[in-house]
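Undergrad: Quick one, what's the 3D model for this:
(chains A and B)
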Amino acid sequence: MIYLDNAATTAISPKVMDVLKESMDSDFANPGTIYSIGLDAKKKVERAKQDIVRALNLPHTHKIVFTSGGTEANNLFIKGFCFSDKKVAFLGLEHSSILEPLAYLGSLGNNPLSLLEYQTEGRLDLLQAAALSKSQSRLLCLSHVNNELGTVNDPVSVFEALHINSPDTRLFMDGVQAVSSMKISSKVWPGLAAYSLSGHKIHGPKGIGLLIYDSRLSIIPIIHGGRQQDGVRSGTLPVPLIRAMARAIVLAVERIDEMQDHFNFLSNRLVQGLCELNDQLPELDIRFNSLVTDDLQKQSPSIVNFSFAPVEGEVLLHHLEAKSIFVGLGSACSASLKKPSKILTGIGLSEEEARCSLRVSFSGSNTIEDVDLFLKEFSIAYQGLYPTFREKYSRN
Amino acid sequence: MKTKTLLIRYDEIGLKGRNRRHFENQLVSNIRYALRDIKNIKIDKIHGRILGRVDLTDAEKCTTRLTQIPGIASISIGNSMEPDFDKMAELGVSLIHEKLKAQGELKFCVRTRRSNKGFPFTSREVDFEVGSRIMGVLSSKGLSVDINRAEFVLEVEIGPQETVVFDNRVSGLSGLPVGSSGQVLSLLSGGIDSPVSTFKLINRGCRVHSIFFDNRTFLGRGGYDKVVRLAQILNRFQGGGKLYVVPFQDIQVAIRDHCTDSNRVVLYRRMMYRIAHVLAELKNYQGLVTGESVGQVASQTLKNLMAVSCVVPMSVLRPLIGMNKQEIISHAKQIGTYSISIEPQPDCCSVFMPDHPGTGCKIKYLEADERRYPWEELMSSALDSMETINLDDLD
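TA: Numbers count the residues shown, from 1 in each chain, chains lettered A, B, ... in the order given. As a prediction, the model looks like this:
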């Protein structure tokens, strides 16, 4: 099996699994109780938290809240900070766990401001930050690394632009796709009101994520109960999941230089291979939706998204699946699910082009042979499917 | 071990004439099959009803299963006791009290059958004695007697060996016992309609096998998984069902590449009917079942329904033909297929859908289209690659 959909989820790392198993066996006590084994469990959670603080260079101003994953972390901050009247802006290329809470605020009368007209190359055009000041937005929501394109909004540059042009606007970033491929330096935190993470995107377990937020801000909880985690997020803490995620974060940060080089190597090979196919096959017309650049401030090397009209991405995906190659898709080709990816149409692709796209996303265990085999099977599948799709498009 | 008596009633079978015994025997054998894993169970057919005797702990489980068996009108759980009016009334109070508490008001009556003619009271007298004792306790809490419109009927059986007092009836599916009407083949998709049409025929006593046309090369395995789950749910109403999975992508590609755009959907369906018909003939099934309803989509206009069914010399049974979508949805919810049917899963790749599907395809043009691709050859190779799933094996 060749797994090239690491932006969807990643395989759990053996070192993380060791922590998870050990903790599942031994840490059964409720860390909210006051007897010794409960206090021991609580101590382990605190230690895991410290490991995360150190790995991510978090300042004392910022706090960690554990959630069930990235979706809950995004919901918690957007709803908890903005209910019900703080004006919010967003680029329009975010994950649905940001777009949907914003739409929900809109349904309550607090309509979010879309900055889609200011997107360039899948990122916010920083020269346009003054627009935020006019709108009096109190919060700007952005992806650190876009989940479909891998394009990057650099937190430090965005914050600097906000600081000059719209000083009252705070910045919230979805970091779910970032931690495995971007360095998180201490410089990012002063500018960030909040940042979300997910365990399973970085070789950790599913069902756990976290929100890092500036503790000077007040957040209204969305889950009420036993007032765990200072009442911001009630619910018994899942000690094994927390410890395993902390391990995954530490490992991701430790290996970041090595991984960036590795991803660069793989994505360069993929891009080069696709360009060669494009030259060899007259019927193939590749368009890169990700940026083709080595600049890590603009593009994560772990994601390559590209289009190849007229063949639909979903069909190609299933043909690759038949060869045990698994890739990602932002858009469905089915007759019943008619709307293609908002992110791809948001950067200017037509609906048809958006449907004819695939996303390849890497992990540390992918090899150059994986990329070569993908290129070979992609070429075979494309050539096999092209005649079926040609007529549909020439007719349109 | 304490036991309970299950009283199983049927309605439609009771109206049959000389072949009534055939239906009754089929129902008893279906009940025995459905409860085959229950220990110490005894099922008997007595005077137009079926009586079961099970261990106390299995009674609820058996009742739930019996509500899933076509042919059963209702089931009651009974308690054996001494023929003592005070004791009968005491049990009646405990059974009625819970329902009364939930509803605030309740109409009830007592109905007695007395086969022990040596018992010193008539049936009417037992009704009165037990009923008035219950009223004495519960009338102030909202209980009233209504013989014609009772919401709770306390049934008492006074037999030569024992006296049994039954709890209120639990409704069954009614209809006819599976196996009494022969076997048919249903065209099952992952949508809302075809599981309902399949169920309708199961409930008319047919053993319904299903056929699914799979295009996983273009759509992935999601559709297949969904249909297997639906078929499994439907099979729990009958047992012994099979699901046939026929690869359909080569036929769809050929039709798409060689035939008139607006005729495509009807041409796909003509091929599905033909393949289903060949399989049905081979297996001795006596009809095809579809979930079509007039005018629901372009391929289900009267003209197109004709253009499709004329390719098979076999009964095409369309139990939903006159039903509205909302009615079909409410049936799907009742049988438990709706939530699976609405899971998002593509049923056709957009590359195969015409821009403007025809609503009145003419047979001569459809036949002309079919001369443009080798449908007989493709049909036999699709049947050669067919997968057969015994649905009982999945449970």
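
Undergrad: Regarding the closest residue to chain A within the stretch 201-350 of chain B, which helix or strand does it belong to?
TA: Closest to chain A within the stretch 201-350 of chain B is B:Pro346: 2.6 Å, counting by Cβ to the nearest Cβ. No exception for glycine: its C-beta is placed from N, CA and C like everyone else's. B:Pro346 belongs to no helix or strand when assigned by DSSP states H and E.

Undergrad: any idea how far stretch A:369-386 is from the chain center?
TA: Averaging C-alpha positions (Cα atoms, centre = their mean, to the nearest Å) puts stretch A:369-386 27 Å from its chain's average.

Undergrad: got it, and stretch B:65-84?
TA: Centroid separation for stretch B:65-84 versus its chain: 19 Å, with Cα atoms, centre = their mean.

Undergrad: before we move on, what about stretch B:323-332?
TA: 15 Å.

Undergrad: Could I get the contacting residues of the nearest residue to B:Ile255 once chain neighbours are set aside?
TA: Spatial nearest neighbour of B:Ile255, excluding adjacent residues (Cβ to Cβ, 6 or more residues apart in numbering or on different chains): B:Leu267 at 4.9 Å. Going by Cβ atoms under 8 Å, 6 or more residues apart in numbering or on different chains, B:Leu267 touches B:255, B:259, B:366, B:369-370.

Undergrad: For these, which single residue is the most surrounded?
TA: B:Ile255 (25 neighbours; other Cβ atoms under 10 Å in any protein chain shown).

Undergrad: Unless I misread the structure, the residue nearest to B:Ile255 falls within a helix.
TA: Yes. In this structure, B:Leu267 lies within a helix as judged by DSSP: H, G, I helix; E, B strand; the rest coil.

Undergrad: ok, back up a step: I figured the residue of the stretch 201-350 of chain B closest to chain A hits B:Gly223, correct?
TA: Yes. Taking contacts as Cβ atoms under 8 Å, B:Pro346 lies within contact range of B:Gly223: 7.0 Å.

Undergrad: what does the model give B:Asp44 for pLDDT?
TA: As summarised for this prediction, B:Asp44 has a pLDDT of 89.

Undergrad: now it, what's its secondary structure?
TA: Using three-state DSSP, the structure places B:Asp44 in strand.

Undergrad: Just give the closest residue to it, not the sequence neighbours.
TA: The nearest residue in space to B:Asp44 (Cβ to Cβ, 6+ apart) is B:Leu51, at 5.2 Å.

Undergrad: which SS class is the one you found?
TA: strand.

Undergrad: I'd say B:Leu305 and B:Gln296 touch.
TA: No. Using Cβ under 8 Å, B:Leu305 makes no contact with B:Gln296, being 10.5 Å away.

Undergrad: Tell me which of the two has more neighbours.
TA: The neighbour count for B:Leu305 versus B:Gln296, taken as other Cβ under 10 Å, is higher for B:Leu305 (21 against 17).

Undergrad: buried stuff in the strand or helix carrying that one?
TA: Counting by DSSP H and E, the element that carries B:Leu305 is helix B:302-309. Neighbour-count burial for helix B:302-309, with 16 or more other Cβ atoms under 10 Å in any protein chain shown as criterion, is recorded at B:304-305, B:307-309.

Undergrad: Check which element follows that helix along the chain.
TA: Per DSSP H and E, the first helix or strand lying C-terminal to helix B:302-309 is strand B:316-317.

Undergrad: What pairs with that following strand, parallel or antiparallel?
TA: Paired strands of strand B:316-317, with direction, are strand B:288-289 (parallel) (DSSP bridges).

Undergrad: gap between the strand it pairs with and the chain center?
TA: Between the centre of strand B:288-289 and the centre of its chain there are 15 Å (Cα atoms, centre = their mean).

Undergrad: what does that strand contact?
TA: B:184-187, B:197-198, B:201, B:208, B:273, B:276-277, B:280, B:312, B:314-319.

Undergrad: do that again at 10 Å, thanks
TA: Outside strand B:288-289, the residues that touch it by Cβ atoms under 10 Å, 6 or more residues apart in numbering or on different chains are B:184-188, B:194, B:197-198, B:200-202, B:206, B:208-211, B:272-273, B:276-277, B:279-280, B:309, B:312, B:314-320.

Undergrad: Now do the contacts for the residue in the stretch 51-200 of chain B positioned nearest to chain A.
TA: Taking Cβ to the nearest Cβ, chain A has its nearest neighbour within the stretch 51-200 of chain B at B:Gly191, 9.5 Å off. For B:Gly191, the contacting residues are A:336, B:226-227, B:230, B:291, B:328, B:332, B:337, B:341-342, B:345, B:347, by Cβ under 10 Å, 6+ apart.

Undergrad: so it, which of the three states?
TA: coil.

Undergrad: Which parts of the stretch 201-350 of chain B are strands?
TA: Here the stretch 201-350 of chain B has its strands, by DSSP state E, counting those that start in this stretch, at B:207-214, B:242-247, B:288-289, B:316-317.

Undergrad: Please state the offset of the longest one from the chain centre?
TA: Put simply, strand B:207-214 sits 16 Å off its chain's centre (Cα atoms, centre = their mean).

Undergrad: quick revisit: please, a ChimeraX command that selects the buried ones among the contacts of strand B:288-289?
TA: Provided next is the ChimeraX selection string for whichever of the contacts of strand B:288-289 are buried by 16+ other Cβ under 10 Å:
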select /B:184,185,186,187,188,194,197,198,200,201,202,206,208,209,210,211,272,273,276,277,279,280,309,312,314,316,317,318,319,320
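
Undergrad: tell me the domain boundaries of chain A?
TA: A:13-254, A:256-395 (automatic domain parsing).

Undergrad: For the stretch 151-300 of chain A, which segments are assigned as strands?
TA: Going by DSSP E, counting those that start in this stretch, the stretch 151-300 of chain A shows strands at A:170-174, A:192-198, A:209-214, A:287-288.

Undergrad: CA atoms only for the helix holding B:Leu305, dumped as CSV, please.
TA: In CSV, the C-alpha atoms belonging to helix B:302-309 read as follows (Å, rounded to 0.1, in the frame of the first residue of the first chain):
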residue,chain,number,x,y,z
LEU,B,302,-45.1,6.1,-17.9
LYS,B,303,-43.4,6.0,-21.3
ASN,B,304,-40.0,5.3,-19.9
LEU,B,305,-41.3,2.6,-17.5
MET,B,306,-42.8,0.9,-20.5
ALA,B,307,-39.6,1.3,-22.5
VAL,B,308,-37.8,-0.5,-19.7
SER,B,309,-40.2,-3.3,-18.8
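
Undergrad: Tell me which residues are up against it.
TA: Outside helix B:302-309, the residues that reach it (Cβ under 10 Å, 6+ apart) are B:263, B:265-274, B:288, B:290, B:292-295, B:297-301, B:315-316, B:318, B:321, B:357-363, B:365-367.

Undergrad: Report the distance from that helix to the chain centre.
TA: Centroid separation for helix B:302-309 versus its chain: 27 Å, with Cα atoms, centre = their mean.
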